[in-house]
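Chemist: Have a look at this fold, sequence not included:
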């Protein structure tokens, strides 16, 4: 396949790299890393074996042209760039697969693309981009993908097969919406509380911030599970997300709480993606990961006091105005 990768940070580079290493024609749409990747390619350091590859590097989507598959690895804070970046890559039979976190990404694409060309994917992986052209794959890597609005799942199953052939564990789901919420069960507590820091955890627990204690800090996944009180807060957030999903009639298994905790303990001191963004001074993925799930909970009539407090803390940290009142 001819594959265009839009958003070539850790996520896009890793999965694009696996597909390139398997023999597909992979094009990277790049900005800041263009010179480094064009000159030296991309190197992936992985416990499953290091590998390098040389993608075709472009600065403009018009240089790439129409693809068979477009992979989107952009942060959701960049979704406003979709209309300028994606259309030059899309023809009548192109599949567009967003691997982004949170809710609303497929809907953003459907504003200017036919809905039956869009798929969503959930990536269960520990990755970091240590420097331009270098990706550290720490653990895991499974992808769950599904059709956004197309009833026929044969294309999703075919693409899952291509990922499998590239060495990526992958399954096609018949229920993409439920899969999104199953991943939010992990993403909301570990991404959110990792950024909130110790004072933020206390503010989430109490439902308010005193306005003086500095918020923010660095809490890796292992630290969040090292203190019984912090682990309980993680669990409470997980339960709120599961309750919301089931209030939406999605049938999420409550046992997912223990499954996510067990897999997280195997990661060691992992820095979740939102924590990495926060430390780099990048905008947080507030809308897709936190505020939209909170709106869904409200619409479903589900009480989520921990999630509401977490959203207040993260909104304060991100410097946003007006999204939520201060507690």
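Modeler: Received, thanks. It should be emphasised that the depicted structure is a prediction, and the values quoted were computed from it without experimental measurement.
Chemist: Strands of the stretch 1-150 of the chain, start to end?
Modeler: 2-6, 25-29, 42-45, 51-53, 56-58, 69-72, 95-98, 118-131, 134-147 (DSSP state E, counting those that start in this stretch).
Chemist: Take those and lay them out in CSV including distance to residue 19 and mean pLDDT.
Modeler: Glycine gets a C-beta too; all of them are placed from N, C-alpha and C. Converted to CSV, the strands of the stretch 1-150 of the chain look like this (distance: least, CB to CB, whole Å; pLDDT from 0 to 100):
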stretch, distance to residue 19, mean pLDDT
strand 2-6, 6, 98
strand 25-29, 6, 97
strand 42-45, 12, 93
strand 51-53, 9, 92
strand 56-58, 13, 95
strand 69-72, 8, 98
strand 95-98, 11, 98
strand 118-131, 13, 92
strand 134-147, 11, 92
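Chemist: which stretches of the stretch 101-250 of the chain aren't confidently modelled?
Modeler: Across the stretch 101-250 of the chain, the ranges flagged by pLDDT under 70 are 199, 208-217.
Chemist: What pLDDT does the model give residue 319?
Modeler: If you check residue 319, the pLDDT there is 76.
Chemist: Distance of it relative to residue 282?
Modeler: For residue 319, the distance to residue 282 (CB to CB, to the nearest Å) stands at 12 Å.
Chemist: who has more neighbours, the two?
Modeler: residue 282 (13 against 8; other CB atoms under 10 Å).
Chemist: ok, residues contacting the helix or strand hosting residue 261?
Modeler: Under the criterion of DSSP states H and E, residue 261 resides in helix 256-265. Helix 256-265 is contacted by residues 124, 140, 182, 185-186, 190, 221-222, 225, 231, 234-235, 238-239, 242, 270 when judged by CB atoms under 8 Å, 6 or more residues apart in numbering.
Chemist: Which of the residues you listed are buried? Put it as a PyMOL command.
Modeler: The following PyMOL line selects those of the contacts of helix 256-265 that are buried, judged by 16 or more other CB atoms under 10 Å:
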select buried, resi 124+182+185+186+190+221+225+234+235+238+239+242+270
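Chemist: Sort out which one of the contacts of helix 256-265 lies nearest residue 112 for me.
Modeler: residue 182 (28.0 Å; CB to CB).
Chemist: which is the next helix or strand following whichever strand or helix holds that closest one?
Modeler: Assigned by DSSP H and E, residue 182 belongs to helix 176-206. Sequence-wise, the next helix or strand downstream of helix 176-206 (DSSP H and E) is helix 221-224.
Chemist: Can you name the residues in contact with that next one?
Modeler: Contacts for helix 221-224 (CB under 8 Å, 6+ apart): 189-190, 193-194, 230-231, 234, 264-265, 267-272.
Chemist: where's it relative to the chain centroid, distance-wise?
Modeler: How far helix 221-224 lies from its chain's middle: 19 Å, per CA atoms, centre = their mean, to the nearest Å.
Chemist: After it, which helix or strand is next?
Modeler: helix 228-247.
Chemist: which strands and helices sit next to that following helix?
Modeler: Here helix 228-247 touches helix 176-206, helix 221-224, helix 256-265, helix 292-299, helix 305-318, going by 3 or more CB pairs under 8 Å, 6 or more residues apart in numbering; DSSP states H and E.
Chemist: Quick check: residue 56 vs residue 37, distance?
Modeler: 10 Å.
Chemist: Between the two, which is the more surrounded one?
Modeler: residue 37 (20 against 15).
Chemist: Could you report the separation of that one from residue 242?
Modeler: 40 Å.
Chemist: same deal with residue 297?
Modeler: Taken as CB to CB, the span from residue 297 to residue 242 is 11 Å.
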